[in-house]
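> sequence first, then the predicted structure, then my questions.
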Amino acid sequence: MEVERTLNPTCTGTSVVAVAFSDGVAVMTDRVVSYGKMARYKHVSRQYRVNDAVIVAFGGDHADFQWLQNVIERQRCMLRAYDENADLSPRMLHAYLTSLLYYRRTRMNPIWNTLIVAGLQRENDEMKPFIGTSVVAVAFSDGVAVMTDRVVSYGKMARYKHVSRQYRVNDAVIVAFGGDHADFQWLQNVIERQRCMLRAYDENADLSPRMLHAYLTSLLGVAYRAQSVATGMGAMLLNQAVETEFRKAGGHLSRDETVAMLRKCLELTVYHDCVADNEFEISTVDKDGVKLGKPESLTGNWDIAEYNCDYE
């Protein structure tokens, strides 16, 4: 039964970045959930592993994403009811979430999340990197790197620190988020439900991303694909920088180059986004499965503060 949910999200996550590389995807999120502009919850992951090939990351309302996690898990269970080997693929999950978010938008009861679905999608008997989003990720030569900070803000306050905004869907897919933290938690459940539905038909099936492209799904039901994606404030700050680096490399970044670029993206975000946090995690999805990144911290170069003294 549908009930009225978030209309004015309070605890939210900010930017997500995802980039695809030749045989994988990388997703970065910070680890804070903010209450307005205050860091309400620190050390909170904004990424959710769906299965060994799919991960979801979110921006926006934290509560909505928590609910989505249950929805995803329910979909996975439904799939497995028909086939114990079936599971969600990145492409399947992205299509499902796009339809779900658009449906809720038309009901004037939106899910306040921007989602990135990342992972490996099977095509012609090959596992290809896939990014489907509402976050920022970059591809390198044999995988994908995703970076997020680790804070959820309440308005302009860092409400929750040390919170992961990336979600490992499976060994080939990772999702990162920006926006409402609760909405992304809900979306993780939605993703798992889709995986269960897949496995109900085929116990070996699972969600996969689609080759070397990024898909974006927003609370308005907007969806698109690209080589790299940034959401939230990162959509304004980082998209051009990521695309420029991607073109310099001829569209073939290595894993190390991708991770280094995502670290630079986080540094830019910390400088310019008041709700971004310096604690972050970078997760990757490649042929070895989903690897959720360990929490890291970035200090940055604050010598520039001496030259920014015009407060009047």
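Yes, it's here.

> residue boundaries of the helices in the stretch 201-312 of the chain?
Applying DSSP state H, counting those that start in this stretch to the stretch 201-312 of the chain gives helices spanning 234-237, 239-248, 255-272.

> is it true that D61 touches W112?
Yes. Taking CB atoms under 8 Å as the definition, D61 is a contact partner of W112 at 3.9 Å. For glycine as for every other residue, the C-beta is placed from the backbone atoms N, C-alpha and C.

> compare these two (neighbour count), which wins?
More neighbours surround D61 than the other of D61 and W112, with 35 against 29 (other CB atoms under 10 Å).

> rewinding a little: could you dump the helices of the stretch 201-312 of the chain to TSV with mean neighbour count, mean pLDDT and distance to Q194?
Below are the helices of the stretch 201-312 of the chain laid out as TSV (neighbours: other CB atoms under 10 Å; pLDDT from 0 to 100; distance: least, CB to CB, whole Å):
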stretch	mean neighbour count	mean pLDDT	distance to Q194
helix 234-237	21	82	26
helix 239-248	16	82	28
helix 255-272	21	88	27
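
> dump these into a markdown table; add distance to D171 as well.
Compiled in a markdown table, the helices of the stretch 201-312 of the chain are given as follows (distance: least, CB to CB, whole Å):
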| stretch | distance to D171 |
| --- | --- |
| helix 234-237 | 26 |
| helix 239-248 | 25 |
| helix 255-272 | 16 |
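
> what about the stretch 1-150 of the chain, any weak spots by pLDDT?
1-7, 132-145, 147 (pLDDT under 70).

> neighbours of the nearest residue to A86 once chain neighbours are set aside, how many?
Distances taken as CB to CB, 6 or more residues apart in numbering put R199 closest to A86, at 3.2 Å, once the chain neighbours are dropped. For R199, the neighbour count with other CB under 10 Å is 26.

> correct me if wrong: M197 contacts D83.
No. Using CB under 8 Å as the test, M197 is too far from D83 to be in contact (9.2 Å).

> the two: which is more packed in?
Using other CB under 10 Å, the more surrounded residue of M197 and D83 is M197, with 25 against 18.

> how near is the closest residue to that one other than its chain neighbours to N204?
If the residues on either side of it in the chain are set aside, M197 comes closest to L79, at 3.0 Å by CB to CB, 6+ apart. Shown here: L79 relative to N204, a distance of 11 Å by CB to CB, to the nearest Å.

> distance check, the residue nearest to M197 against E245.
Taking CB to CB as the measure, L79 falls 38 Å from E245.

> element containing the most centrally placed residue in the chain, please.
In the chain, the centroid-proximal residue (CA atoms, centre = their mean) is A176; its distance is 1.3 Å. Assigned by DSSP states H and E, A176 falls within strand 173-180.

> correct me, but T10 touches K37?
No. T10 is beyond contact range of K37, at 11.7 Å (criterion: CB under 8 Å).

> any common contacting residues for those two?
Y154, G155 (CB atoms under 8 Å, 6 or more residues apart in numbering).

> what number of residues lie near R195?
Using other CB under 10 Å: R195 sits among 34 other residues.

> that's a helix at it, yeah?
Yes. Assessed by DSSP: H, G, I helix; E, B strand; the rest coil, R195 belongs to a helix.

> would you list the phi and psi of the closest residue to it other than its chain neighbours?
In space, and not counting its chain neighbours, R195 is closest to R76: 2.8 Å by CB to CB, 6+ apart. In terms of degrees, to the nearest 10, the main-chain angles of R76 are phi -60, psi -40.

> quick one on the thing from earlier: ok, now which ones touch the residue nearest to A86?
Per CB under 8 Å, 6+ apart, neighbours of R199: R76, L79, R80, Y82, D83, E84, N85, A86, D87, A205, D206.

> what residues are shared contacts of D61 and W112?
What both D61 and W112 touch, as defined by CB under 8 Å, 6+ apart, is the set T6, P9, T12, G179, D180, D183.

> could I get those as TSV with distance to V151 and neighbour count?
As requested, the shared contacts of D61 and W112 are exported to TSV (distance: CB to CB, whole Å; neighbours: other CB atoms under 10 Å):
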residue	distance to V151	neighbour count
T6	19	24
P9	15	24
T12	10	37
G179	13	33
D180	14	37
D183	17	35
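
> of those residues, which is the nearest to A230?
The nearest member of these to A230, counting by CB to CB, is G179 at 12.9 Å.

> who's that closest one bridged to?
G179 has these beta-bridge partners by DSSP bridges: G13, N113.
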